[in-house]
Each structure stands twice: as C-alpha cells, then as structure tokens.
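**Student:** What follows is a predicted protein model with its sequence.
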Number of protein chains: 2
Amino acid sequence: MWLQLDGEGPLYQQLYRALRRVILEGALLPGARLPATRSLAREAGVSRNTALLAYEQLLDEGYVTARTGSGTFVAASLPEEPAPAPRPAGGSGGRSRGPAPTLAVSAQARRMLAQAPRSGVSWDMPRRHLAYDFRYGEPAYADLPLETWCRLLGRRARRASAVRLAYGDPAGAPELRRALAGYLRRARGVVCTPEQILVTHGSQQAIDLVGRVLIDPADRVALEEPHYTGFSLPLSAYGAELVSIPVDEQGLCVDELTAQPAVRGVCATPSHQFPTGGVLSLERRLALLSWAERRAAFILEDDYDGEYRYEGRPVPSLQSLDRSGRVLYMGTASKLLFPSLRIGWLVVPEPLVRVFSLAKAYADTGSATLEQRVLADFIEGGYLERHVRRSRVRNAARREALNRAVERHLGGTASLAGTRAGLHGLLWVHELPGAREAELRRACAARDVGLYPVRPYYTHPPPQAGYVLGYAALSEADIDEGVRRVAAALEGL
Amino acid sequence: MWLQLDGEGPLYQQLYRALRRVILEGALLPGARLPATRSLAREAGVSRNTALLAYEQLLDEGYVTARTGSGTFVAASLPEEPAPAPRPAGGSGGRSRGPAPTLAVSAQARRMLAQAPRSGVSWDMPRRHLAYDFRYGEPAYADLPLETWCRLLGRRARRASAVRLAYGDPAGAPELRRALAGYLRRARGVVCTPEQILVTHGSQQAIDLVGRVLIDPADRVALEEPHYTGFSLPLSAYGAELVSIPVDEQGLCVDELTAQPAVRGVCATPSHQFPTGGVLSLERRLALLSWAERRAAFILEDDYDGEYRYEGRPVPSLQSLDRSGRVLYMGTASKLLFPSLRIGWLVVPEPLVRVFSLAKAYADTGSATLEQRVLADFIEGGYLERHVRRSRVRNAARREALNRAVERHLGGTASLAGTRAGLHGLLWVHELPGAREAELRRACAARDVGLYPVRPYYTHPPPQAGYVLGYAALSEADIDEGVRRVAAALEGL
C-alpha cells in the first residue's frame, strides 16, 4: 500500500499527513479521484470515521475538493506551502486539472475554475451521517407534510394530458405564478402581478439570471460581508467586481454602501442577514431604496427565510416599499419545503419581465411543470401556510433550546448571535482564533457533531472562530446534547 | 369599441388590418398586451377562430409576439413600413418596450432583446387546438407508457427521505447518470463514464452550458444553415459571431466548414439534420472529427432524435468516433418521453467534467431529483427501450402514411424531404414563393390544419416555401386527411 503512517499523534492526523504527502509528491495529480473512505479505511486498517476525518482536514486545508455523490478529488491548485518534494508542473490558475485539456475554455469558465476552492455553498458541503448535525439549510424532514404532498403529486400525475406534457411557458406554470402572487402578498407583503414572477430552479438560478441580465464584466456589484457564497461565486464568474459592505446587528451598513462610487447593484438579505442574522431596520431599508432610486441601481432582495420571525415587529420586505422599480425579490421552496424540489421565484419590476423571461427561456426553456403544479395546489389548498405556521412554532421551540443550551454549556466561552429570525444562529467562540476553526470542527465530528465554520462566507475572515448553527432539522433534546458535545470538544482542544 | 372593420375581404383580414392600425397609430404601445382572442371575438362580433387568424397574421408579420400562457403583446420593435400615422418614439434596439425602463440591462440582455422577434423555438410557438396539427417536437401522448411512469413516480415519491429531499449532486442524480451511461452506450454507441454525463434541463440548458463554458464574445461559432433557433438565439446572446455552413442531403457540408478561418466550434445534428433531415455520411463524420482535432475546435453533437431511423445503415454517433476529446454529445427526454419533463443530458470529454459541473452548479444547483430518479428507474426497468422500440414501429407507419399522402395529394406540387430518420419531414412547395409561406399557413389553420413554416430556421431563407411536418403525434388517417387539406388550402390560394 502506498500510504505510510508516521505513528505520531491521532490516527486521523497520521492518515491526513500520509495523504498530503502523496498529493504533494505528485503521486496523485490535480483532479485525480481519491479512493472512497470505506475502501481507504479498509486498506489503511483504520475506521471509516478516521478516514473521513483525514479527508475533512485535507478539504479544510484546500488539498482536495469534494463533490456530493461524486467523491473527493485532488484540488486543481494546491495551497501554497513549502513542499517536501518538487510538485508536478501545473498550468496557470485552475486550468491544470487532471487529463490534458483538449479544448480551451471561456473567460467565464476560467474564472469559475480559478475561484472554485472557496466553498460554503449548499451543494458543495461534504455530507456524512452525524447524529447531531447543525448543518444549515435543511428542514426537519419529519415536520414536512409529505403525505399531502404525495397525494397532490399523484393526482396531478394522473391528470397528465397532451397540454400538460408539452412545453409550457418558460417563465413558469401560470397556476403556480398566480398562487405565488397571492402567497407572497399575504406572507411577505410583496406587491406584484403573476406575470412579474419567474419560476426558477431555486434561488441559485435567480442569482444566475440577475447576473446574466443586469451585470456586465467589470461592473461593480455590492455584497454583504459576510455573505452566502452562492452569490459571490457565480457573480465573479460573470466578471463582476465585488464590493464588500460590512454588516452589523441591524444588517447591511447602508451608509458604507452609499459612500461607494459607481455600484451597479447590491445583493442583500434584509429579513435575516446571512449568516450573521441581523434584521435590516426600517430606516436603513428606506435609505437603501432611496440610494437605489438616485443611482438607478438594482437591489436583489434575498428573502430566503423571511417566514420565520420570532422577535420584534415584522419589517416590510424591500419589494413592498419599492416605488421606483429597483427591487428584484427572490425566495425559495428549499427552506419552506425541501431543497430537492428545486423551485424558487424571482419577482422582477414590470419593465424587466420580458428580458428576464427571455433569459430564462434561453437558459432552459422553463422548469419542469409537474412539481410546479403540485406546489400551486399545495399553496391554493392552504397547506403551505398551515405548514409554515406549524413550522414556525416548532422552530421557535428549537431556537429557544439552542439559546438555552449555548447559555448552559458554553456561557462565557461562546455567544450566539442572529437568532431573532430564520433557522440558524451564528456561534462565536471567544477565545478560539479563526485559524483554528477547522480544528474544532474536526474535534466535533469525532464526537458525532456537525459544525460548519463561518469562514467561507467571509472575503476577509474575522480573527475569531465562528460557526453557522442550523437548528431546524434537530429535536430540542439533540440540540442540547449537540451543544454539550461542542463544549466538550472545545475543552479537549 | 376602438376597432373599426373596413368591410373588405375575409373577416379575419379586416380584423387584422384594424388591429394593425391601432398598433401603428400608437393606441397600443410596444409591450402592451392585446385582449384574449375570446374577448376580442366577443367585442368585435366575430368567431374566435377569426380572431385567432388575425392574431396569427400579426404574429407572422412581426407586429406582435406571443408567449405561451401569457398572451399576445405588441412587438418591441415594429416591422419597417410606411406608417399611416406617426409612430411613438422608441429607443434603440429592443430597449423601448412598455413601461419606462428603470434599470439598465447587460450587453447580453440587450442582445437578447434585439434579436427576440425571430422565433421557431419550441417554447415560443403559438399553441391552439387544431385537429390536424403537424406541430413538430411532441410525441403522440397516447403512445406514452404513462401508467408505468406514474407508478414509478408514486413509488419514488413515497420513498422520500432526508437524503432524497436534500441538495443532490449539481451534475445530476448518480442513479440517473449510471442508467444513462448504459442506455446511451446500448442505443447510440456513446462511450462515457457516468461522471461525464451532466443531467440538464432539456437540450436548451445543454446549449446554454456550452455557451457559458466554451464561448467568449466575438468567438466564431459555426451553425448549420438552416438550424434550430434554440442554438442561434442564446449563442448570439452570448456574443458569439455565428458562421452559417450549408447542408445538403448528406447533412453538414464539412468542406465548407473546414474552409472557414478561426472557428471555435460547431453545433451539428448529424443523425438527422434539423430541419432538412439529411444524415451525415461516415466520410463527413470522420472529416469533421479530424478538423476538430487539428483546430482544437469543439463539436456539439445534438442527437435529438437519433433513436428513430428507418432507412440505410445506422451511422455511429460522432461521440463514439471521437478519439481526441472534441465532441460534446447532447440528447433529451423531450423526444423520447415528453417535453414538460425537462430532462436532457450533455456528455462532455473527461477534462471538461469539472468545469461543466461548476457551470451547472452556478446556474441552478442541479436539477430536481424526483423525476431524475423516476427516469433512472424507467431506464433500468427496461421500459425506455421497450417504449422506443414500440414508438419506432408506430412512427415508421406514420412516416409511411405521410410519404404516401404527400405523393397522393400533393404529387408534382410539393415534395417531402428528410424522412430517412427522426419524427418530421420537410415539405417544399414548389411554386409557392417563400414570402407567401405564412399565407398558406393561415389558409391551413382556417381548415383546422397546423403547418409550421421553415423560414425561422434560416438565416437566409430560401426562395421557396417550406414547412416542417411533425408526424409523431398524429394517426395515419389524420396524417392523410391533414395533407389532403393542405392540398385544398394550396389550391384555394
């Protein structure tokens, strides 16, 4: 076997070092696939968990990249460090991967490859079974009214007919757009006609369409710092020059935005800043809208979890306050129902309806219609609002449990921020430097706890370690036990 | 009422002229929505069919645009002609639509708007009920094994679990990619691993991803002349400079392509040229591949209906002959099953797997998983191949019926080309000039026959009128009766 363990320290550290050596010596070239953890564990004579932890450390340090369902691969560009042996000669940027390239790629594709190592996007987070997983972005599946969903699905599927199986409107099924217009007005105060709603493949496509229709290479686009990387990765692939605007407990610091010259638009999460959790004050909302009007700038309002609010008066969505057609409002069924549905929506100002419909048509001729119609039935039947009401109660209890658990097990050592709304909190560990974020993460994984560092969401990570704690998928008892184990892991560092 | 009929000629012509006048006089501004045909008919005291015919003529002549499910709108830029009254001042290109624009759009979006009036794409063809509809691109829904599909769908839906409802691999569900790798090898000789397959939202997204990853603005990209507009519209929106390469009965004239300087790649339909129906000879296939290898150019092989072949020896797909990683192969479930499924596939050379997976992830985080899994079950259960075998027999009979009907009713007046493979033929009407294509189309619509002109697929339309006749959705008797009515309509011109 080609792996030599050096016998020093924890077994997963030995395995990690052995693997890193193999990569740095060029025995595994950039792009090569690593063995599955199961077979690696067998070959190296260690437990699968040990193999997983070794891979996670390689991942954290940028030696490998992981793709859900496809495996783990040697990174296109390896992290800078003194290599113990000469590295194989690589091309520039991310172009040097695996088999010799046979075709040149576009500037956009080169930008994609160059930036790929930074992660934090939902679809690129390693997935493994952990008993206490604070993974953000997924609901408690037991809360979902799946029986109702299946019943509606079966009914729609049986009613298939020529028209229902043929190409539909690229902008979305008319029944869903009507249902969404009503729902968004009732739930979020969004004022629009069904025609202004584009049905997208989740939030990600809404971001992509905005990139396509509103952004030219070299345009300056403002993002909150920190922000969801699903914004920064595709927008910089489009060639946008990203401008970081700080946030505080009231959300985006609008003053810092308005001081910036020549900004084409801003992507913001006013209901619940992701990931720090601030809620944008009404005063700042009005200042933001007035800036957008003066500068003819766009505001992409990402209302990813606006349905969940536990404290303070509800603040109207930016879209509902917009008088000048500057706000594009996006939301998603991923947080309301489940991610694999891949349905989201983008509400655009009337004058942009046509160009966004064209962009969606060129992108994919429109989304599949069956599940759009099922979602329409689900909304019109009142099931969505009932589900949201019930989830809000359950999630409020989970949030309480999380706040209590942090107080009990980590009081003084760490603090929890941003839980006034949404489905996650941000745990700041006071005395742990940011550079050791991954270390605590691994120590927690060894204790069956999933913890997700906040660093990937920052352009300039803070000195302190922080973790995004998603609580919507855990029971109150598991939340408490999970936090207790985090405290134990922290002590063991 | 604001419409004044002039009492001259057929009623639908009067209505058409009255509507055109209203548009040209500016009483309906660009972007304004026209009333639904039903209410227009009521108001004007004519039949709904008359209203439909008037709208179709406006559509044919570029005064209005239609979007399935959304209605009919005054075109952004009106056709050039001496206007009876001053037109409202419009902006440049397609920017002048409807409500005052509040936000500037990107160069890509401006290109989309500027070119939008040309159509011929599946999702933008007016849909109305016609008894003998030669609309291309849809199967006979009665042929579909919908019961089996629904059964598999129900089973998968009930087996929902946390992992199945969470984010999946953006490149596609692993079970579908495995099933497709097997199917494509058996059915089309495609040689690839499951990892090389990207599950897309139909063919259109495959084209979009190729545009994104391989094409920079001003790159010269070759297209067959004529070609499916789903290629030219998005690729020119990406800024590609399109180069037209003629086709003959053997498909793409590869010599003309190789004579072109600096071509980045070509999009081709070797199995069955769309829409003229030629099948690319083996000799030309090899010449095309050798060109691509020498020039490091890509070939996007669109195998949209390669399963249907009735005459001559099967010719291997380009992908199966490619030794240098230049071919990207795309196919779609729209022709094999039904369009609203919105599932297609793109097989990319190994070195491009990573960048295409990133592009797909940035575009939409991956396709919805339920129907991907159902399609995987459908393939693994052998249902797809059984369905294709049965459809091939049925479609061979329909094709026979079409050839016989054209011979019987239109012999000497028109000829049918390109029926050696696929699901459509191209009807050339010898003595009808191309400029009168729309006229025959309307005359046929008045006889309950749907006929689809070939002009939108040409950059430089031919002098002769031609129509794409899709026959897969019609019975043999209806095919005969439909062609009989075309002959009658032609005589009445």
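**Tutor:** Perfect, I can see it now. Residues are numbered from 1 along each chain as shown, chains lettered A, B, ... in the order given.
**Student:** Quick check: pLDDT value at the closest residue to A:D302 other than its chain neighbours.
**Tutor:** Counting by C-beta to C-beta, 6 or more residues apart in numbering or on different chains, A:D302 lies nearest to A:T269, which is 4.8 Å off, once chain neighbours are set aside. Bear in mind the C-beta positions are built from the backbone N, C-alpha and C, glycine included. A:T269 is assigned 97 on the pLDDT scale.
**Student:** what about A:T269, distance to A:V348?
**Tutor:** Computed with C-beta to C-beta, to the nearest Å, the distance linking A:T269 and A:V348 is 18 Å.
**Student:** picking that back up, what's near enough to touch the residue nearest to A:D302?
**Tutor:** Neighbour list for A:T269: A:E224, A:H227, A:Y228, A:G251, A:E301, A:D302, A:D303, A:Y304 [criterion: C-beta atoms under 8 Å, 6 or more residues apart in numbering or on different chains].
**Student:** Just confirm yes or no for the lengthiest strand in chain A near chain B.
**Tutor:** For chain A, the longest strand by residue count, based on DSSP state E, is strand A:424-433. No. Residues of strand A:424-433 are not located near chain B by C-beta under 8 Å from any C-beta of the partner chain, the shortest gap being 15.7 Å.
**Student:** What lies in contact with that strand?
**Tutor:** By C-beta under 8 Å, 6+ apart, the residues outside strand A:424-433 that reach it are A:136, A:275-277, A:399, A:402-403, A:406, A:410, A:412-419, A:440, A:454, A:463-472, A:486, A:490, A:493.
**Student:** quick one: which of those residues sit in strands?
**Tutor:** The members of the contacts of strand A:424-433 that map onto strands under DSSP E are A:A414, A:S415, A:L416, A:A417, A:Q464, A:A465, A:G466, A:Y467, A:V468, A:L469, A:G470.
**Student:** Distance-wise, check the nearest residue to the second one once chain neighbours are set aside relative to chain B.
**Tutor:** Sequence neighbours aside, A:W428 is the residue nearest to A:S415 in space, at 5.4 Å (criterion: C-beta to C-beta, 6+ apart). Plainly put, A:W428 is 26 Å away from chain B if you go by C-beta to the nearest C-beta, to the nearest Å.
**Student:** Repeat that for A:T65.
**Tutor:** Taken as C-beta to the nearest C-beta, the span from A:T65 to chain B is 9 Å.
**Student:** my guess is that residue is in a helix, correct?
**Tutor:** No. Counting by DSSP: H, G, I helix; E, B strand; the rest coil, A:T65 falls outside a helix, being strand.
**Student:** Give the bridge partners for it, please.
**Tutor:** Beta-bridge partners recorded for A:T65 (DSSP bridges): A:F73.
**Student:** Can you get me a residue count around it?
**Tutor:** Neighbour count of A:T65, defined by other C-beta atoms under 10 Å in any protein chain shown: 22.
**Student:** I'd say it and A:G71 touch.
**Tutor:** No. Between A:T65 and A:G71 there is no contact under C-beta atoms under 8 Å: 9.9 Å.
**Student:** which helices and strands sit right next to the helix ranked longest in chain A?
**Tutor:** As assigned by DSSP state H, the longest helix anywhere in chain A is helix A:383-410. On a contact count with 3 or more C-beta pairs under 8 Å, 6 or more residues apart in numbering or on different chains; DSSP states H and E, helix A:383-410 meets helix A:174-188, helix A:333-336, helix A:369-380, strand A:414-417, strand A:424-433, helix A:476-492.
**Student:** Ok, which of the ones you listed comes nearest B:R128?
**Tutor:** Checking these against B:R128 by C-beta to C-beta gives helix A:174-188 as the closest, at 16.2 Å.
**Student:** per-residue confidence at A:G482?
**Tutor:** With respect to pLDDT, A:G482 scores 98.
**Student:** An error on my part: the question was meant for A:R48.
**Tutor:** So, for A:R48, pLDDT stands at 83.
**Student:** how many other residues sit next to it?
**Tutor:** If you count neighbours by other C-beta under 10 Å, A:R48 ends up with 15.
**Student:** returning to that earlier point: list the pairing partners of the longest strand of chain A within its sheet, with orientation.
**Tutor:** Applying DSSP bridges, strand A:424-433 is found paired with strand A:414-417 (antiparallel), strand A:464-470 (antiparallel).
**Student:** Pretty sure A:Q14 sits against A:G7.
**Tutor:** Yes. Using C-beta under 8 Å, A:Q14 makes contact with A:G7 at a distance of 6.7 Å.
**Student:** Perfect, I'm done here.
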